[in-house]
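*Asks:* Build me a structure from this.
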Amino acid sequence: MRRMKIHWFLILGMVMAFAPLRAQNDLLEMLDSAIKPVRIPVDATFKSTRVINCHSIERMRAGDLELHVAHRFGLMNSGFKKFFGLDESSSHVSLEYGITNWMEVGLGRATVDEQFNGFVKFSPIRQMKGKWALPVSASLYLAAITTTKDYPDPTWVVDAVHRRSFVAQLLVARKFAPWLSIQLSPTFVHRNMVATPLDPNRIFAMGVGGRMKFSKRAAISCEYFWLKDRNQLTGPKRYNPLSIGLDIETGSHVFQVFVSNSFQILENGFIGETTGSWKTNGLHVGFNISRVFTVIRKKK
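*Replies:* This is a model prediction of the structure:
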């Protein structure tokens, strides 16, 4: 009988010893379920709204206005007579405004073919850090382009609708580290009018670009587009556009200088109309510069 009492005392002691631990675990589980996991947005995947030619996933914040200037010089191998390409140039100037923190609109003018373009960019998905965070950022870019240039033969009657091109891009990027960002850019271009009936109206291209930062205010950028049906295009041989450049941050400015085999700036130009080759020195020097202005200040 005495031995049975000792056993019961031992069992009771063990229960009393473990009861506080279980209560503590239950309390921790309740706290974990009550506190939502913290997710922190990943900023500055790219420092500009462009990788080089292609748009990046970045967009203007609500109330911010960007003045973006893009410039391409002529062929570097044109010799001293054309001052190594500096006598010839193409340019594009645009104003881009943030309607909300996830949508911006833009209007621009390009000198090649006297083109006007308008676009809208939606950025609904943003890379996050933390539990159950999104691993990438994504933007949808939609643009319309029209030319106002007179055609060589004045007898040609060309309706306004035939002068237009349309672009759709899905931009997906990830900032792998503070110094490394990579973007994929599947692109669809539709041209209402083409050079010959043999040329496709629709062009699909897959773009890949990246930014590698090597100092506090400088980075190397690279961009390449693979064209699915470039061999079906008539006329001069077309090449996949490849651009390599240097990004420099100067306060509120972002300045890019680069080398590219593409002379044109808008999507219907550098995708499908690149006739220069890196192998034959068909290269151009170019630069992009952007300046951001706050039009409407956010209320705190």
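*Asks:* can you list the weak-confidence ranges in the stretch 201-300 of the chain?
*Replies:* Residue ranges of the stretch 201-300 of the chain with pLDDT under 70: 298-300.
*Asks:* ok, now which ones touch the spatially most central residue of the chain?
*Replies:* Nearest to the geometric centre of the chain sits residue 56, at 1.3 Å (C-alpha atoms, centre = their mean). If you count contacts by C-beta atoms under 8 Å, 6 or more residues apart in numbering, residue 56 has them with 45-46, 48-50, 171, 173, 183, 209. Using the backbone N, CA and C atoms, a C-beta is placed for each residue, glycine as well.
*Asks:* residue ranges for the helices of this structure, please.
*Replies:* Taking DSSP state H, the helices of the chain run over residues 2-34, 267-270.
*Asks:* For the first one, the averaged confidence score.
*Replies:* The pLDDT scores in helix 2-34 average 51.
*Asks:* Could you number the chain from 573 rather than 1 from now on?
*Replies:* Fine by me, first position is 573 from now on; the one you just mentioned is helix 574-606.
*Asks:* quick one: residue 672 and residue 868, what's the gap?
*Replies:* Shown here: residue 672 relative to residue 868, a distance of 11 Å by C-beta to C-beta, to the nearest Å.
*Asks:* ugh, wrong one, residue 656
*Replies:* The gap separating residue 656 from residue 868 is 44 Å, by C-beta to C-beta.
*Asks:* Look at those two and report which has more neighbours.
*Replies:* Neighbour totals were compared for residue 656 and residue 868, and residue 656 leads with 15 against 11 (other C-beta atoms under 10 Å).
*Asks:* picking that back up, quick one: buried ones out of the contacts of residue 628?
*Replies:* With burial judged by 16 or more other C-beta atoms under 10 Å, the buried subset of the contacts of residue 628 is 617-618, 620-622, 743, 745, 755, 781.
*Asks:* Now distance to residue 643 too, for these, in TSV please.
*Replies:* Output for these, formatted as TSV (distance: C-beta to C-beta, whole Å):
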residue	distance to residue 643
617	25
618	19
620	15
621	16
622	13
743	23
745	25
755	23
781	19
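*Asks:* out of those residues, which one sits closest to residue 822?
*Replies:* Among the buried ones among the contacts of residue 628, residue 620 lies closest to residue 822 (C-beta to C-beta), at 12.1 Å.
*Asks:* Test my guess that that closest one contacts residue 827.
*Replies:* No: between residue 620 and residue 827 there is no contact under C-beta atoms under 8 Å: 9.2 Å.
*Asks:* Need the overlap of contacts for these two.
*Replies:* Counting by C-beta under 8 Å, 6+ apart, the common neighbours of residue 620 and residue 827 are 819, 860.
*Asks:* picking up where we left off before, mutual contacts of residue 672 and residue 868, please.
*Replies:* With contacts defined as C-beta under 8 Å, 6+ apart, the residues shared by residue 672 and residue 868 are residue 634.
*Asks:* And the strands in the stretch 623-772 of the chain, which stretches?
*Replies:* With DSSP state E, counting those that start in this stretch, the ranges of strands along the stretch 623-772 of the chain come out as 636-647, 661-672, 675-682, 687-697, 700-702, 709-719, 736-749, 752-763.
*Asks:* Ok, the stretch 773-872 of the chain next?
*Replies:* For the stretch 773-872 of the chain, applying DSSP E, counting those that start in this stretch gives strands covering 774-787, 790-799, 814-822, 825-832, 856-866.
*Asks:* Export stretch 648-659 to PDB, keeping only CA atoms.
*Replies:* The C-alpha coordinates for stretch 648-659 follow below in PDB (Å, rounded to 0.1, in the frame of the first residue of the first chain):
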ATOM      1  CA  MET A 648      30.500  54.100 -84.800                       C
ATOM      2  CA  ASN A 649      32.400  52.600 -87.800                       C
ATOM      3  CA  SER A 650      31.200  55.400 -90.200                       C
ATOM      4  CA  GLY A 651      34.600  57.100 -90.000                       C
ATOM      5  CA  PHE A 652      35.800  60.600 -89.500                       C
ATOM      6  CA  LYS A 653      33.600  62.000 -92.300                       C
ATOM      7  CA  LYS A 654      30.500  61.400 -90.100                       C
ATOM      8  CA  PHE A 655      32.500  61.900 -86.900                       C
ATOM      9  CA  PHE A 656      32.100  58.200 -85.900                       C
ATOM     10  CA  GLY A 657      28.400  58.400 -85.900                       C
ATOM     11  CA  LEU A 658      27.900  61.700 -84.000                       C
ATOM     12  CA  ASP A 659      26.600  63.500 -87.100                       C
END
